[in-house]
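Q: need a structure here:
(2 chains)
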Amino acid sequence: LLDFLFLYELRFSAKIAAGAVVCVESEIRGDVTIGARTVVHPKARIIAEAGPIIIGEGNLIEEQALIINSYPENIMPDSEGVEPKTMIIGTNNVFEVGCVSQALKIGDNNVIESKADVGRNVILTSGCIVGACCQVNTCEVVPENTVVYGSSCIRRVQSEKPQPQTLQLDFLMKILPNYHHLKKTVKGSGTPLRN
Amino acid sequence: MASLLHPDRVLYLVRGQKRIRAPLSQLYFCRYCSELRSLECVSHEVDSHYCPSCLENMPSAEAKLKKNRCANCFDCPCCMHTLSTRATNIPAPLPDDPTKTTMKKAYYLACGFCRWTSRDVGMADKSVASGGWQEPENPHGQRISKLIEYYQQLAHREKQERDRKKLARRRQCMPLAFSQHTIHVVEKYGLGTRLHRQRPGAPIASLTGLSLKEGEDQKEVTIEPAQALDEVEPLPEDCYSRPVSLPEVTTLRQRLLQPDFQPAGASQLHPRHKHLLMKRSLRCRKCEHNLSKPEFNPTSIKFKIQLVAVSYIPEVRIMSIPNLRYMKESQVLLTLTNPVENITHVTLAVCEDDDPDDVNSTSKVLVPSKELVLAGKDAAAEYDELAEPQDFQDDPDIVAFRKSNKIGFFIKVVPLKEEDTDVTVSFRMRHDFRNLAAPIRPSEEGGDAAHEAVWLTHHVELRLGPLAP
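A: All right, here's what the predicted structure looks like:
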């Protein structure tokens, strides 16, 4: 079983769609699919340990952000009956600097602010904002347009979803290639290239 | 251990009206009375008002008019953070040509912390960046101001009558000339501060019986009495059965910050103008000298006068504590820092058995009996390589180390109580203080007279922490 997992990790590499900007200094491990117009900063980490990660379009993943599909704590990696669960991340999300996201399902237009921690059993719908340094590790579906803020993680509902960061994405897609090498993207439907 | 440096560990006693124990960093030193002062034994005076976010200065009269609030800055009604103005581009029809649309800027208020926006409560976007936002008017504002006017007039009238009665009584026993003279003098001073009024034998307050002009000009303000209603609006039928939607209910804090409206629903929370903060100056109550006077400019954090205790009194700090055991003697390392530039001599003494200040100590302490000498604080010492190290004959049993204006010394502590509380130690510290503020009187011989040294004694209490398990 250990051999199978070892090969599983080696066989899959990042499938980066055309139009996405993924810096070489970012760490992408496992079966990760990244959609178009997504920007992944250097030192961001996307780790698909216990299953694949599918990231949609227009997302902004900043430095030292950690998106990890890991095994739950009390389950050993090589025990029987562990099915790989896919982590799905929608469009126009922002993962600010230093945040940790383990949520299996994230919708659209969410913002996870700096140093926030989102647990595995949380499902973010759309328009949610998890404030800086807030930890959301409950087992729930966060309703739409919820803002979690403050040292005691109080919540309120805002009236409209946060604006998509189109200006910032455009700027970064222009500037980042001037200073960083980018990972190769998949052209059309060819075989996936290795990093 | 950083917790040993916590300011609450070492307390100095202030002998004012109340006995206050406070860390030296929170105390002031009146160098005219040569005594420590705490915040409770000084009088606080307001210097100036300023807004904490735009740092705009405001004279006191204007502040009073605006109810101590800034004109430009707003507070988020949800999280009390400062609101920032954001701009969006909206298409708006050109005035000349209604068919074409041009991008116009619209401004709205937004909170960066909780993401509240002015659109949440239905406030329309404004076309000017600042000055367009209005606070909603208090629905009872008119009635309240009318009531205030009426009662002010009533109070004034009552005061007049009282004064007239007093004057009438006194006039019978005083000759006319004398009474006219006192009235004249009194009118010049009038109703002064509380001090003036309480002085015994002072003449009575200003008499408006003689100045009829004021009485005639005032219009009679009448008010209608409040009407009691028989019928009260009934509660909604689903008051008890309707589930509460938490995002729509305001918290008590949000509600009470707007006492005019106290809205129960989050959709009625309007932003309020930001409160002004004030700069205050402190004055010693005994000698009326200023102890602390800040700069007038809100952007400056300096002081014009800053008589803080830390720059006059040697500071004791705890450096290391061994394991403290009940009834066993242990050595504690303390440091003494000299804040002034001349050499200071410090003597420590144990508190007497019947010392009234010694209430909190739970242990017996043995302090060094010899005098400790502290070198002066020399700001240029670290750059001056040629300076000879000063030679103080230090007893290694007492003085652990010496470093420019600081020494480390040992005291012996025997905890006397076996309870769970912290071991506290108190002793008296006596040091010499040279008052550089007082003018030097030239001595008769014509020689250089140094400043006289005054010996000050302070009661110091240390909290050493719990007994070792």
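
Q: contacts and neighbour counts: CA atoms only from here.
A: Will do.

Q: could you find the closest non-adjacent residue to B:Leu13?
A: Of all residues beyond its chain neighbours, the one nearest B:Leu13 is B:Arg21 (4.5 Å), with distances taken as CA to CA, 6 or more residues apart in numbering or on different chains.

Q: oops, could you answer that again for B:Arg434 instead?
A: Setting aside the residues directly before and after it, B:Arg434 is nearest to B:Ala453 in space (CA to CA, 6+ apart), at 4.8 Å.

Q: residue contacts, that neighbour?
A: In this structure, B:Ala453 makes contact with B:Asp432, B:Phe433, B:Arg434, B:Asn435, judged by CA atoms under 8 Å, 6 or more residues apart in numbering or on different chains.

Q: does chain B have contacts with stretch A:96-116?
A: No - Stretch A:96-116 does not reach chain B (CA under 8 Å from any CA of the partner chain); its nearest approach is 10.8 Å.

Q: tell me what the residue nearest to the spatial centre of chain A is bridged to.
A: By CA atoms, centre = their mean, chain A has its centre lying nearest to A:Ile67, at 4.5 Å. With beta bridges defined as DSSP bridges, A:Ile67 has these partners: A:Ile46, A:Ser101.

Q: hmm, back to that, out of the contacts of B:Ala453, which is most surrounded?
A: B:Phe433 (22 neighbours; other CA atoms under 10 Å in any protein chain shown).

Q: what is the burial count for residue 40?
A: Using chain A here. The local packing of A:Val40 (other CA under 10 Å) involves 29 other residues.

Q: try chain B instead
A: So B:Glu40, with other CA under 10 Å, has 14 neighbours.

Q: for B:Lys166, same thing?
A: Count around B:Lys166 with other CA under 10 Å applied: 13.

Q: so the closest residue to chain B within chain A bridges to which residues?
A: Proximity of chain A to chain B (CA to the nearest CA) peaks at A:Arg156, 5.5 Å away. Bridge pairing for A:Arg156 (DSSP bridges) gives the partners A:Val147.

Q: verify the stated contact: it with A:Thr146.
A: Yes - in this structure, A:Arg156 is within contact of A:Thr146 by CA atoms under 8 Å, at 5.8 Å.

Q: how about the residues of the stretch 51-200 of chain B by chain A?
A: Counting by CA under 8 Å from any CA, the positions of the stretch 51-200 of chain B adjacent to chain A are B:Phe113, B:Cys114, B:Arg115, B:Trp116, B:Arg119, B:Asp120.

Q: for chain A, just list every one of the helices.
A: In chain A, helices defined by DSSP state H lie at A:2-11, A:166-179, listed in chain order.

Q: returning to that earlier point: closest to A:Gly35 among the residues of the stretch 51-200 of chain B next to chain A?
A: Proximity of those to A:Gly35 was ranked by CA to CA; the top entry is B:Arg115 with 28.2 Å.

Q: now that closest one: how far from A:Ile112?
A: In this structure, B:Arg115 and A:Ile112 are separated by 13 Å, where distance is defined by CA to CA, to the nearest Å.

Q: and A:Arg156 and A:Thr146? Which one has more around it.
A: Neighbours of A:Arg156 and A:Thr146, each counted by other CA under 10 Å, are more numerous for A:Thr146; the result is 23 against 19.

Q: wait, what's in contact with that one?
A: The contact partners of A:Thr146, by CA under 8 Å, 6+ apart, come to A:Gly127, A:Cys128, A:Ile129, A:Arg155, A:Arg156, A:Val157, A:Gln158.

Q: okay, now the unreliable bits of chain A?
A: Per-residue confidence of chain A (counting by pLDDT under 70) places the weak regions at A:1-12, A:74-82, A:187-195.

Q: which bits of it sit near chain B?
A: On the criterion CA under 8 Å from any CA, chain B has as its neighbours in chain A the residues A:Gly131, A:Val147, A:Val148, A:Tyr149, A:Gly150, A:Arg155, A:Arg156, A:Val157, A:Gln158, A:Ser159.

Q: just flag the most distant two among those.
A: Comparing every pair within the residues of chain A next to chain B by CA to CA identifies A:Gly150 and A:Ser159 as the most remote, at 18.7 Å.

Q: and A:Thr125, how many neighbours?
A: When counting by other CA under 10 Å, one arrives at 19 neighbours for A:Thr125.

Q: what of B:Ile223?
A: 12.

Q: what's residue 144 sitting at in phi/psi?
A: All of this is about chain A. Torsion angles at A:Glu144 (phi, psi; degrees, to the nearest 10) stand at phi -70, psi 150.

Q: sorry, I should have been clearer: chain B.
A: Note on B:Ile144: backbone dihedrals following degrees, to the nearest 10 are phi -70, psi -40.

Q: picking that back up, I'd assumed A:Ile46 was in contact with the residue nearest to the centre of chain A.
A: Yes - under the criterion of CA under 8 Å, A:Ile67 makes contact with A:Ile46 at 4.8 Å.

Q: and B:Ser369, what element?
A: Taking DSSP states H and E as the criterion, B:Ser369 maps to no regular element, lying outside all helices and strands.

Q: skipping its backbone neighbours, what lies nearest it in space?
A: Nearest residue to B:Ser369 in three dimensions, chain neighbours excluded: B:Leu348, at 6.8 Å (CA to CA, 6+ apart).

Q: okay, and that neighbour sits in which element?
A: Taking DSSP H and E as the criterion, B:Leu348 maps to strand B:344-350.

Q: and the next helix or strand past that strand?
A: strand B:363-366.

Q: so after that following strand, what's the next helix or strand?
A: The C-terminal neighbour of strand B:363-366 among helices and strands, as given by DSSP H and E, is strand B:372-374.

Q: partner strands of that following strand and their direction?
A: In the sheet containing strand B:372-374, the strands it pairs with under DSSP bridges are strand B:344-350 (antiparallel).

Q: what sits up against the partner strand?
A: With contacts defined as CA under 8 Å, 6+ apart, strand B:344-350 is touched by B:338, B:365-376, B:426-433.

Q: can I get the buried part of those as one ChimeraX selection?
A: The ChimeraX selection below is limited to those of these classed as buried (16 or more other CA atoms under 10 Å in any protein chain shown):
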select /B:338,365,366,367,368,372,373,374,375,376,426,427,428,429,430,431,432,433
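
Q: what about the stretch 351-469 of chain B, any weak spots by pLDDT?
A: Scanning the stretch 351-469 of chain B for pLDDT under 70 picks out the ranges B:354, B:385-390, B:437-451.

Q: how about it: which residue is closest to chain A?
A: Using CA to the nearest CA, the single residue of the stretch 351-469 of chain B nearest to chain A is B:Gly465, 29.9 Å away.

Q: let me see the contact set for that residue.
A: Residues counted as contacts of B:Gly465 (CA under 8 Å, 6+ apart) are B:Thr421, B:Asp422, B:Val423, B:Thr424.

Q: if we go to 7 Å?
A: Applying CA atoms under 7 Å, 6 or more residues apart in numbering or on different chains, we find B:Gly465 in contact with B:Asp422, B:Val423.

Q: roughly how far does the nearest residue to B:Thr421 once chain neighbours are set aside sit from A:Pro52?
A: Using CA to CA, 6+ apart and skipping the chain neighbours, the partner closest in space to B:Thr421 is B:Pro466 (6.1 Å). Between B:Pro466 and A:Pro52 the computed distance is 54 Å (CA to CA).

Q: of these two, which one has the most company?
A: Remark: of B:Pro466 and A:Pro52, A:Pro52 carries more neighbours, 22 against 17, as counted by other CA under 10 Å.

Q: list the contacts for the more buried one?
A: A:Gly30, A:Asp31, A:Val32, A:Thr86, A:Met87.

Q: including neighbour count, could these go into TSV?
A: Formatted as TSV, those follow (neighbours: other CA atoms under 10 Å in any protein chain shown):
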residue	neighbour count
A:Gly30	21
A:Asp31	23
A:Val32	22
A:Thr86	17
A:Met87	23
